[in-house]
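K.L.:
Need coordinates for the below:
(one chain, ligands or ions: 1)
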Amino acid sequence: MPGVVDEIKERVSIVDVVGQRVQLKKSGRSLKALCPFHSEKTPSFYVFPESGTFKCFGCGAGGDIFTFLMKADNIEFGEALRVLAERAGVGLRPVAEVTAEDQERDHLRQVLDAAAAYFHNLLLRSNQAQAARAYLQKRGVNQATIEGWQLGYAPESWDALQTYMLNRGFHVDDLLAAGLVIERDGGGYYDRFRNRIIFPIHDGRGNITGFGARALGDDKPKYLNSPQSILFDKSATLYGIEHARDSIRQSGQAVIVEGYMDVLIPHQMGITNVVASLGTALTPRQMEQLKRLCKSLVLALDADAAGDDATLRGLEVARDVLDREAVPVPTWRGLIRFEHILETDIRVLALPRGKDPDEVVLENPDEWKRLVGEALPVVDFYFNAVTARLDLHNPRDKAAAVDRLLPIVGEIVNDVVRSHYLQRLATLVQVDERTLANRLRSLRQPASRRAAQPPVAARRQVARVDLDDHCLAILLYEPTLYWKVLDLALSPDDFVHTENRQIFITFRSFIEENSEFDVAVFRQTVDPMLLPHLDDLIRLGTQRPQVSGEILEKELTATVLRARKQRLTDEINQLKFLQAQAKQESDTTEVTSLAQRVNALTEELAILNRRLDELTVLWKISGRR
Ligand SMILES: [Zn+2]
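P.N.:
The predicted structure is shown next:
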């Protein structure tokens, strides 16, 4: 199924794209560099021009030009596609739509830039802004921060911004589209932000996308954001990301706080890997963004939210009742699932009671560093928080501990880790581990999630489809399988083709966030350029012979494992090739280190083969029934 993506790959050389960002050195038929995604002293980052791929044997990053650009520039697939298409001179089919939307985006950016400059200027110079300046000073924000972050002040007026902007030649429709004014019931418009401190919010590349605003008087709500627009998507936005990006990448860690001040003060004090979620629960898209930059996330929760028993229970309840309604801090079960799907280490930092991050940092930056260093893995943190308030000699409290902790343990996908916590729980409540394991098994039955039925299949055998397409086609045909194969730890890396990888990422976010899988609704969340390929996959799924869910599940598992085997074999061959090269150049240290990697991967391959063998045996047995 050739498409735009393949066409682009044919025309744009990976050497050029990567070479613009890192210093490549020729090494036989491949090229070598210091990895841009982790810090290292000797290069383990390779580019293979023939296959158009890159691979870092140090941190495991790998992929094609799309993956590289998305990771290096911290952009989403659609953006990478547009950048590369332009470079390749390949037309993106819905050209008219794209350019119209791009133009509108550019125009809105100008509107926001002008408004930000207006607010900023007022904060710096206007008499009306005296209270705002005093407030910032009281909170410890200095002049350099005010200027560096372009903080602003919206005056106490219904039309000051509107008048200014109209005089500058902007149209009131622009202001409305940018969320700066609100339409009056009786006609006319009024300024959205009045008597507030303004915090411009940027995307990863430093473009303003919206504003956050804090009331100076008693106006409610205390914090107000720009509404959703084509530029501003709260669920994909992190305050401070444009300042924190490089530091997060270098330190390999991001600390997530809640408020604007909690970001500004640490940055001012030289602690620059801090960003804020905009007062909502962390969303998968925010996490995805951070994951492209680092492998370790630390959530700073205030002591009340983190430690309070009622809050802990409240969160679980809120999750169950509201399902996908946002709650003020992420739910524990959600976090553990995030941790798994993002392959990220998530830790929780409990702030001292009654203190916000900005206060801690302002008082003593070293104390902050200590707290970050001592942040606990999510599950440990939850264990401590729950058991701290229970008397584990009391049978009723024991039961409560099991009720609360077992579902959390059940979210852990890695079975070694899961059994570690199961043991810990068994010891804590002094209940036989097997009893708990049985309880857990009944809990882990996936909730049945009904999928919209695709049109009735035409029974036709499909010949020679590649593993990638096949795996995704099965998932799209029977989305509930996603919950049944959690043990497989499916990840975007399981998909070699960029389109498939991207469709899988969208699929995963969708299914994690929606209780029902409706193909039509899902289709709307997919990048338009990927729709032709998506439709091919859906067709592929419906053309399969109809089999039971159980067999389909095994087929999916086998397909994923086979794809992994193929990839692992390719990687081993690449390494052997590099090894032969190093031998020719008599680079003995390189030969040894490559040999070690080959051994490690060969072991992995052996495990994979064993799993595949077991699966085929099981398959045959169950097939005989
Ligand atoms: Zn690396």
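
K.L.:
residue boundaries of the helices in the stretch 401-550 of the chain?
P.N.:
Assigned helices in the stretch 401-550 of the chain, in chain order: 415-429, 433-443, 467-477, 481-484, 498-513, 519-525, 531-542, 549-584 (criterion: DSSP state H, counting those that start in this stretch).

K.L.:
okay, the ones you listed, which one's buried deepest?
P.N.:
helix 467-477 (a mean of 23; mean count of other Cβ atoms under 10 Å). For the C-beta atoms, the positions are set from N, CA and C on the backbone; glycine is no exception.

K.L.:
tell me which strands and helices it is in contact with?
P.N.:
Applying 3 or more Cβ pairs under 8 Å, 6 or more residues apart in numbering; DSSP states H and E, we find helix 467-477 packed against helix 481-484, helix 498-513, helix 531-542, helix 549-584.

K.L.:
And the third one, how far out from the chain middle?
P.N.:
Looking back up the chat, that one is helix 531-542. Centroid displacement of helix 531-542 relative to its chain, using Cα atoms, centre = their mean, to the nearest Å, is 25 Å.

K.L.:
I'd like to know which elements it is packed against.
P.N.:
helix 467-477, helix 498-513, helix 519-525.

K.L.:
out of the ones you listed, nearest to Met287?
P.N.:
Among the helices and strands packed on helix 531-542, the nearest to Met287 by Cβ to Cβ is helix 498-513 (9.9 Å).

K.L.:
Looks to me like Ile346 is in a strand.
P.N.:
Yes: with DSSP: H, G, I helix; E, B strand; the rest coil as the criterion, Ile346 is part of a strand.

K.L.:
and it, bridged to which residues?
P.N.:
Leu297 (DSSP bridges).

K.L.:
out of the helices and strands packed on helix 467-477, which comes closest to the ion?
P.N.:
Nearest to the ion among the helices and strands packed on helix 467-477 is helix 549-584 (14.3 Å), distances taken as Cβ to the ion.

K.L.:
from the chain's centre, how far out does the closest one sit?
P.N.:
26 Å.

K.L.:
Give me the below-cutoff pLDDT ranges for the stretch 1-150 of the chain.
P.N.:
Flagging of the stretch 1-150 of the chain using pLDDT under 70 yields the residue ranges 1-2, 92-99.

K.L.:
near the ion, which residues of it?
P.N.:
35, 37-38, 56, 58-59 (Cβ under 5 Å from the ion).

K.L.:
that older thread, which one of the helices and strands packed on helix 467-477 lies closest to Lys234?
P.N.:
Closest among the helices and strands packed on helix 467-477, using Cβ to Cβ: helix 498-513, at 14.3 Å.

K.L.:
Just want the angle from the closest one to helix 531-542.
P.N.:
70 degrees (axes from the mean of the first three to the mean of the last three Cα atoms, to 10 degrees).

K.L.:
Quick one: list the elements packing against helix 498-513.
P.N.:
For helix 498-513, the packing partners by 3+ Cβ pairs under 8 Å, 6+ apart come out as helix 65-73, helix 77-88, helix 284-291, helix 332-341, helix 467-477, helix 481-484, helix 519-525, helix 531-542.

K.L.:
And the strands in the stretch 151-300 of the chain?
P.N.:
152-154, 181-183, 189-191, 196-202, 208-215, 223-225, 238-239, 253-257, 274-277, 296-301 (DSSP state E, counting those that start in this stretch).

K.L.:
Mind putting these into JSON lines with mean neighbour count?
P.N.:
Putting the strands of the stretch 151-300 of the chain into JSON lines (neighbours: other Cβ atoms under 10 Å) gives the following:
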{"stretch": "strand 152-154", "mean neighbour count": "28"}
{"stretch": "strand 181-183", "mean neighbour count": "15"}
{"stretch": "strand 189-191", "mean neighbour count": "17"}
{"stretch": "strand 196-202", "mean neighbour count": "24"}
{"stretch": "strand 208-215", "mean neighbour count": "22"}
{"stretch": "strand 223-225", "mean neighbour count": "18"}
{"stretch": "strand 238-239", "mean neighbour count": "27"}
{"stretch": "strand 253-257", "mean neighbour count": "25"}
{"stretch": "strand 274-277", "mean neighbour count": "26"}
{"stretch": "strand 296-301", "mean neighbour count": "23"}
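
K.L.:
need those in a markdown table with distance to Tyr382 and mean pLDDT, can you?
P.N.:
Shown next, in a markdown table, are those (distance: least, Cβ to Cβ, whole Å; pLDDT from 0 to 100):
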| stretch | distance to Tyr382 | mean pLDDT |
| --- | --- | --- |
| strand 152-154 | 40 | 97 |
| strand 181-183 | 41 | 94 |
| strand 189-191 | 44 | 96 |
| strand 196-202 | 31 | 97 |
| strand 208-215 | 30 | 95 |
| strand 223-225 | 28 | 88 |
| strand 238-239 | 24 | 94 |
| strand 253-257 | 17 | 92 |
| strand 274-277 | 19 | 92 |
| strand 296-301 | 11 | 84 |
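
K.L.:
Can you add distance to the ion and give the ones you listed back as a markdown table?
P.N.:
Putting the strands of the stretch 151-300 of the chain into a markdown table (distance: least, Cβ to the ion, whole Å) gives the following:
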| stretch | distance to the ion |
| --- | --- |
| strand 152-154 | 40 |
| strand 181-183 | 47 |
| strand 189-191 | 48 |
| strand 196-202 | 27 |
| strand 208-215 | 30 |
| strand 223-225 | 36 |
| strand 238-239 | 23 |
| strand 253-257 | 16 |
| strand 274-277 | 23 |
| strand 296-301 | 15 |
